[in-house]
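Q: Just need the structure, nothing else, for what follows:
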Amino acid sequence: MKVEDFDFHLPEELIAQTPLENRSESRLMVLDKEDGSMEHIRFKQITEYLQEGDCLVLNDTRVLPARLFGQKEDTGANIEVLLLKQEDGDKWETLVKPAKRIRVGTEIVFGDGKLRATCVDLKDHGGRILEFRYEGIFYEVLEELGEMPLPPYIRERLEEQDRYQTVFARERGSAAAPTAGLHFTEELLEELKEKGVHIAFITLHVGLGTFRPVSVETIEDHDMHAEFYQVSEGTARLLNEVRANGGKIITVGTTSTRTLETIASKHGTFVEENGWTNIFIYPGYEFKGIDGLITNFHLPKSTLIMLVSAFAGQDNVMHAYETAVKEKYRFFSFGDAMLIK
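A: Have a look, this model is predicted:
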């Protein structure tokens, strides 16, 4: 299957640069995966499409304000650091720009000395292992000095950092937000609970690989990046009960989908589990864990649109995307959403 089969024309003005003031006022396209029919509503009306006994599965990962701006201590040259992964203690794998200025032993200062780092190892493609020094709690210092690592297609500065967090974010570790969850307010979640819809949480820490373009011609040749996930015993039990009772399991976002499909593919049921997944879902995949999906509108030729096409049918999805462009839906992280049922 060719990557080109998942391309579509997207006018640049449809790429949402800022979030809506009210999260749940975004538009929602409801796509029927059986016949390809579409409805156009507001996200807050999603309560009409979920029934008592159904279960929404949300990813409670929290985005780290992982972009830091500092200076080389010896020359004062400006350095940008992006935290990728905690290696050991205060050592982090990072991306550094400009990388050529940072060698083993280089000292970088952030926030007038509130945070300092020493380069202790070199990686490929601009990667550096930095060891940080600070007083107090690292994540509190990071919250003060760091900025959200917004996707490359968002060029406007985010004034309120929490707008790139879901209202239920709690487990620190993501390099990007699980953006389908950005549409939910606490009031909307409460309304769903009152209707008898179960709310379950999983954790998948989104890596920067989610923005990596597919560089092969044939999708079967693409190597998927690995991401860490956690599913609790309570969540696994709830999902199994919902399934046994005939309720539908609706994942919020491709991250929740990949987590549940990883576990269901391995075990045939839902179990408590922590681990790394590099599952790559594209048309031809047989879903084992989910009945519905809430997702944003994704980049052309991305692994995300391939996953959505696997669930709803490639022709249905590509037609829905053509319609979304024609109807001027807002695309990507701060854009509108789609419910596939």
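Q: Now R133: which helix or strand?
A: Using DSSP states H and E, R133 sits within strand 127-134.
Q: so what strands line up beside that strand?
A: strand 91-97 (antiparallel), strand 115-122 (antiparallel) (DSSP bridges).
Q: Tell me the gap between the last one and the middle of its chain.
A: Strand 115-122 sits 28 Å away from the centroid of its parent chain (C-alpha atoms, centre = their mean, to the nearest Å).
Q: Comparing the strands paired with strand 127-134, which stretch has the densest surroundings?
A: Among those, the stretch with the highest mean neighbour count (mean count of other C-beta atoms under 10 Å) is strand 91-97, at a mean of 19. To be clear about C-beta, it is placed using only N, CA and C from the backbone, and glycine gets the same treatment.
Q: Which neighbours in the sheet does the biggest strand by length in the chain have, and how are they oriented?
A: Secondary structure of the chain read by DSSP state E shows that its longest strand is strand 78-88. When pairing is defined by DSSP bridges, strand 78-88 lines up against strand 67-72 (antiparallel), strand 91-97 (antiparallel).
Q: Quick check: mean pLDDT of it?
A: Mean pLDDT, computed over strand 78-88, is 90.
Q: Would you indicate which residues of that strand are buried?
A: Using 16 or more other C-beta atoms under 10 Å as the test for burial, strand 78-88 gives 79, 81-84.
Q: Out of those residues, which two sit at the greatest distance?
A: The span of the buried residues of strand 78-88, defined through C-beta to C-beta, is set by I79 and L84 at 15.5 Å.
Q: which ones are touching the residue nearest in space to the middle of the chain?
A: The chain has P178 as the residue nearest its centroid, 3.0 Å off, counting by C-alpha atoms, centre = their mean. P178 makes contacts with 58-59, 61, 166, 204, 206, 252-253, 255-256, as judged by C-beta atoms under 8 Å, 6 or more residues apart in numbering.
Q: Go again with 6 Å.
A: 59, 253, 255 (C-beta atoms under 6 Å, 6 or more residues apart in numbering).
Q: so where's the stretch 51-200 of the chain shaky on pLDDT?
A: For the stretch 51-200 of the chain, no stretch is flagged by pLDDT under 70.
Q: ok, which stretches of it are helices?
A: In the stretch 51-200 of the chain, the helices defined using DSSP state H, counting those that start in this stretch lie at 138-145, 186-194.
Q: Reformat those as CSV; add distance to Q51 and mean neighbour count.
A: Shown next, in CSV, are the helices of the stretch 51-200 of the chain (distance: least, C-beta to C-beta, whole Å; neighbours: other C-beta atoms under 10 Å):
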stretch, distance to Q51, mean neighbour count
helix 138-145, 39, 15
helix 186-194, 10, 14
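Q: any idea how far T251 is from I263?
A: 12 Å (C-beta to C-beta, to the nearest Å).
Q: G292 now?
A: On the measure of C-beta to C-beta, G292 and I263 end up 17 Å apart.
Q: ok, those two, which is more surrounded?
A: I263 (25 against 20; other C-beta atoms under 10 Å).
Q: So for the more buried one, what's the pLDDT?
A: I263 is given a pLDDT of 98.
Q: who touches the particular helix or strand that has it in it?
A: Using DSSP H and E, I263 falls within helix 254-267. Taking contacts as C-beta under 6 Å, 6+ apart, the residues outside helix 254-267 that touch it are 57, 59, 178, 202, 204, 206, 229, 251, 270, 273, 277, 279, 288-290, 304, 307.
Q: helix or strand right after it?
A: That would be, after helix 254-267 and using DSSP H and E, strand 273-277.
Q: For that following strand, buried residues please.
A: Buried residues in strand 273-277, counting neighbours by 16+ other C-beta under 10 Å, are found at 273, 277.
Q: what do you get for stretch 53-67?
A: Going by neighbour count (16+ other C-beta under 10 Å), the buried part of stretch 53-67 is 54-67.
Q: For these, could you give me JSON lines that also reports distance to F311?
A: As requested, the buried residues of stretch 53-67 are exported to JSON lines (distance: C-beta to C-beta, whole Å):
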{"residue": "D54", "distance to F311": "17"}
{"residue": "C55", "distance to F311": "17"}
{"residue": "L56", "distance to F311": "16"}
{"residue": "V57", "distance to F311": "14"}
{"residue": "L58", "distance to F311": "18"}
{"residue": "N59", "distance to F311": "17"}
{"residue": "D60", "distance to F311": "22"}
{"residue": "T61", "distance to F311": "21"}
{"residue": "R62", "distance to F311": "26"}
{"residue": "V63", "distance to F311": "25"}
{"residue": "L64", "distance to F311": "29"}
{"residue": "P65", "distance to F311": "32"}
{"residue": "A66", "distance to F311": "30"}
{"residue": "R67", "distance to F311": "32"}
